[in-house]
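Enquirer: Below: sequence and its predicted model.
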Amino acid sequence: MEVTEAIAIDHGLKKEEFSKICELLKRTPNLTELAIFSAMWNEHCSYKSSKKHLKKMHTKGKQVIQGPGENAGVVDIGDDDAIVFKIESHNHPSFIEPYQGAATGVGGIMRDVFTMGARPIANLNSIHFGSPQHKKTKNLLRGVVKGIGGYGNCIGVPTIAGQTTFDESYNGNILVNAMTLGLVNKNKIFYSKAAGLGKPVIYVGSKTGRDGIHGASMASATFDDKIEEKKPTVQVGDPFTEKLLLEACLELMADNSIIAIQDMGAAGLTSSSVEMASKGNLGIKLNLSEVPCREEKMTPYEIMLSESQERMLIVLEKGKEEHAKKIFDKWKLDFAVIGKTTNSKKIELTFDNKKVAEIPIDLLAENAPIYDRPWKKTKLPQKLKFDKDEFKSLKLSDCLKKILSNSNISDKKWIWNQYDHTVMGDTIQKPGGDAGVVRVHGTNKAVAASVDSSALYCFSHPLTGGKQIVCESYRNLISVGAKPIAITNCLNFGNPEKEKNMGEFVECVEGITEASKYLDFPVVSGNVSFYNETKDKGIKPTPTIGGVGLISDYQQMLTMDFKTEGNLVYVIGKTDGHLDQSIFARELLNEKKGPPPTINLFNEKNIGETVLDLSRKNLIVSCHDVSLGGILTALSKMCIKGKKGIKINSLKGLTNKYEYFFGEDQARYIVEIPKASLKKVNDILNKYSVHFDELGTVSGQSIEYKDDINLPIEELADVHKYWLKKYMDS
Amino acid sequence: MKSSVIIFPGSNCDRDMDVALKKFGFKNQMVWHNDQSIPKSDLIVLPGGFSYGDYLRCGSIASKSKIIRSVIDFANSGGLVLGICNGFQILTETGLLNGILQQNKFLNFICSNVFVKVKDKQNKYFKDLKKDVLELHIAHNEGNYFCSDDELKSLEDNNQIAVTYCGEDGTENETTNPNGAIKNIAGIFNKNKNVLGMMPHPERMIDKYLSGEDGSLFFKNILDNFK
């Protein structure tokens, strides 16, 4: 079949891109070659719209062993231990087929991590759905949660934390971001860079089927009414095979047989072979007749584009084939020598003894288009002037109850109860806290991880929003007593061909970069998901930050639940009462305008280090950062978790109690202090010159504040804990 | 006391079980499913996970695996066989234990702490256990125990019900039943009480930094009874 411009466009390529391909090749590509170009040049694989901006990110640091560009990032946690981690999106497939979409998202990210030689030790996820009232939301949520659980539970990796939000902008395009952390000896990390000539290229794992063909191109396009037709582009996962693949790969990695290894993720065999050759500055020759196929009469085109799951490509040391085969036989996995490395710097494919494709690697990788797309700055919205007389009709306790039962604040136990969060026997902080924490098996160390995003702030002002999520992640780690090390990010945005969406991306990245630089919290891995748009309606910009931190002695881990009657409670950090973009403004005043709270990076760092110092010296017994919903919301969670009340002091010089209790100013933590530690705590707070308020005392079974609030904890727990369950059962 | 943990492809609590057994002083070894025989042991453990992907039915392929003949022979000769979670499902599939484990009542996977009441102490697992109610942990999708009326009567008559789901104070009713199991059953014995299958995971509750420590009591008690 003669390849025409129309066929190229059908493959998601632009007219100009097709001309460029013909020009670079000095001929028209055949259909298989066109497929390879379309897979490598789509947004998902080429980062063509984002590359220019991603380059600016802060990616280096003392503990960084591997930054972006590999299967996952790697950080040093001492004693030869390293943590491999990454977050990735599986948004489009999850909207089309929630169970398989979410499941294969989890499978894919776990492969990225164990490809590097690390055993996965924790999973996290950040999932975002449309309005609870939208007719699709409930089923999508149910399917996604089952899919995440179905895969992670079977592999036996605990899901230790997550985030779930609801917003109408996701009605036609949900977000499913999955993150995995793995543990590796820092001297035994495996990379995807091929090296050496004539080395055997090995295919292992599941057989190749027709599922997932065009998956990566589908992920690089917007949705319309015909999304149901795209179901066949969603991959089907088999966690059992992945578990076998994990064990087999780790067994083979115990010695020095592997030169390079790459999982077959988006764009399957195409991207894995091209990336390995490209990184090694080599060529690669594959005989597609040797690829183990699940279905009959698969064509080279289909073999190259299939996104069948649970497959790996390995460049092996010569002579190690038998040794490797024995291991994969033991685990009953397919094993085939399908090619070798060459010095041609081309990808050469044969099938049935005929050459079916030949493309110089650099045309697919380095020469892939890079766009400097036009973008528009978002102006900082004007700060609102609230009519405070209007507040007077609102009772504080009613406001609190309303906020606690808000879909984005309420307890998500219904979700994480369906995830195995205790397998592997090292989970010391379960979901529901500020961050999940797992011990580094057999040591005193523990690793904390959290996922965060703030689409409302990012939508209102992307630059501030970008900074805010990095800070939020930083705070969540500090709140459990961990020193923040590095982050991974999943950048979920709308259509980059629209100036507004592109601007949101550019400015969020700028914000992320600024904050991560200042806080020495580098980005070591990540993924970009554009075209989150259905019928011209884009999502709110939703960059998700996955943060990782270290607790050098796990006995020093902190939780948020109040511990002991009589202990004092402080808010560290200053409260100005910023209500614009707050849950309070949205829920009680129906006000959606205004700027997000200001970020002061000096304060973030100084206050964060202060709290970390307090926790290292064992002076505080519980800690929780103040974020969405403000002080009163944070306090309620600490009370509910600890099954203890608090008597809040009459606060001196308080301008407005609504602003104080529900304002979402940044860089604040609530800490619980035993009386015996009080003097030392005050000294440290003064030494760092941080502002703090003496908020109250842990006491009784209610939250009490003057005549305004007297709410039994049980009543609060009820509204907080059951919203989601009630919603799902309704 | 010597123990062996059988690893099936898809087992995922094998390491946790190994860690727990060794922590309390068992001399434990791992045995691969394709091995013909099991080294000399005083206790054989079938760990949790998804053996052979739990295809067909949970535990059904494992119940036909190469190693399982040796497990059955060992059990029939009076050896202690403990099946946790997927291990319990395998034991019912082999016929060493009665009944079946069907999907949870509310159709969801459940991962949560639970309390269980120890119903019988005339056996090598629970004899002289200091507590009557243990806080353990469940993580399963198919833990809803079911059996025929005759089998249930026989289980009750022979005191073969090992543990039942209950509240912290030992109350057994519908609200303390997480998965819809008949009579709140969380674990049962065979007639001779040398084979124990239970859904809760004691190996996940072995130090105070985890979800709890009652699993420690369980393992220590087996050792104490062996001495």
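Expert: In hand now; what should we look at? Remember, predicted model here, so these are calculated numbers, not experimental data.
Enquirer: Chain A contacts on chain B?
Expert: Contact residues (CB under 8 Å from any CB of the partner chain) of chain B with chain A: B:9-10, B:12-13, B:15-16, B:19-20, B:48-50, B:52-55, B:108-112, B:137, B:139, B:141, B:201, B:203-204, B:206, B:209-211. Yep, even glycine has a C-beta here, placed from its N, CA and C like the rest.
Enquirer: go with 7 Å
Expert: B:9-10, B:12-13, B:16, B:19, B:49-50, B:53, B:108-112, B:137, B:139, B:203-204, B:209-211 (CB under 7 Å from any CB of the partner chain).
Enquirer: Please flag which of the residues you listed sit within strands.
Expert: B:110, B:111, B:112, B:137, B:139 (DSSP state E).
Enquirer: all helices of the stretch 251-400 of chain A, in order?
Expert: Ranges of helices in the stretch 251-400 of chain A, per DSSP state H, counting those that start in this stretch, are A:268-280, A:300-305, A:321-330, A:361-364, A:388-391, A:396-404.
Enquirer: can I get those helices in a markdown table with distance to residue A:26?
Expert: Putting these into a markdown table (distance: least, CB to CB, whole Å) gives the following:
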| stretch | distance to residue A:26 |
| --- | --- |
| helix A:268-280 | 20 |
| helix A:300-305 | 22 |
| helix A:321-330 | 37 |
| helix A:361-364 | 11 |
| helix A:388-391 | 71 |
| helix A:396-404 | 64 |
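Enquirer: Let me have these in JSON lines, extended by mean pLDDT, mean neighbour count and distance to chain B.
Expert: Below are the helices of the stretch 251-400 of chain A laid out as JSON lines (pLDDT from 0 to 100; neighbours: other CB atoms under 10 Å in any protein chain shown; distance: least, CB to the nearest CB, whole Å):
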{"stretch": "helix A:268-280", "mean pLDDT": "92", "mean neighbour count": "25", "distance to chain B": "22"}
{"stretch": "helix A:300-305", "mean pLDDT": "92", "mean neighbour count": "24", "distance to chain B": "25"}
{"stretch": "helix A:321-330", "mean pLDDT": "94", "mean neighbour count": "16", "distance to chain B": "8"}
{"stretch": "helix A:361-364", "mean pLDDT": "92", "mean neighbour count": "22", "distance to chain B": "36"}
{"stretch": "helix A:388-391", "mean pLDDT": "82", "mean neighbour count": "12", "distance to chain B": "41"}
{"stretch": "helix A:396-404", "mean pLDDT": "95", "mean neighbour count": "20", "distance to chain B": "22"}
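Enquirer: what's in contact with stretch B:157-167?
Expert: For stretch B:157-167, the external contacting residues (CB atoms under 7 Å, 6 or more residues apart in numbering or on different chains) are B:114-120, B:122, B:133, B:155, B:172, B:176-178, B:181, B:183-189, B:191, B:196, B:198.
Enquirer: For that stretch, output the C-alpha coordinates as PDB.
Expert: Extracted C-alpha coordinates of stretch B:157-167, given in PDB (Å, rounded to 0.1, in the frame of the first residue of the first chain):
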ATOM      1  CA  ASP B 157     -19.700 -30.500  66.700                       C
ATOM      2  CA  ASN B 158     -16.000 -31.200  66.400                       C
ATOM      3  CA  ASN B 159     -14.900 -27.700  67.500                       C
ATOM      4  CA  GLN B 160     -13.200 -27.200  64.200                       C
ATOM      5  CA  ILE B 161     -14.100 -23.500  64.000                       C
ATOM      6  CA  ALA B 162     -10.800 -21.900  64.900                       C
ATOM      7  CA  VAL B 163     -11.400 -18.100  64.800                       C
ATOM      8  CA  THR B 164     -14.400 -15.900  64.100                       C
ATOM      9  CA  TYR B 165     -14.600 -12.200  63.200                       C
ATOM     10  CA  CYS B 166     -15.800 -10.200  66.200                       C
ATOM     11  CA  GLY B 167     -15.600  -6.800  67.800                       C
END
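Enquirer: To what extent is the residue of chain B found nearest chain A buried, counted in neighbours?
Expert: Residue nearest to chain A within chain B: residue B:12 (2.5 Å; CB to the nearest CB). When neighbours are counted by other CB atoms under 10 Å in any protein chain shown, residue B:12 registers 24.
Enquirer: Just read off the phi/psi values of it.
Expert: phi -130, psi 0 (degrees, to the nearest 10).
Enquirer: list the contacts for it?
Expert: A:155, A:156, A:243, A:423, B:48, B:49, B:50.
Enquirer: again, only this time at 10 Å
Expert: Shown in contact with residue B:12 (CB atoms under 10 Å, 6 or more residues apart in numbering or on different chains): A:153-157, A:243, A:420, A:423-424, B:47-51, B:85-86.
Enquirer: Need the nearest residue in space to residue 175, chain neighbours excluded.
Expert: Since no chain was named, I'll use chain A. residue A:128 (4.0 Å; CB to CB, 6 or more residues apart in numbering or on different chains).
Enquirer: Let me rephrase: I mean chain B.
Expert: residue B:167 (7.7 Å).
Enquirer: per-residue confidence for the residue of chain B closest to chain A?
Expert: Predicted confidence (pLDDT) for residue B:12: 95.
Enquirer: between the helices of the stretch 251-400 of chain A, which gets nearest to residue A:16?
Expert: Residue A:16 sits nearest to helix A:361-364 of all these, at 15.3 Å, using CB to CB.
Enquirer: Now find how far off-centre the closest one is within its chain.
Expert: In terms of CA atoms, centre = their mean, to the nearest Å, the centre of helix A:361-364 is set 29 Å apart from its chain centre.
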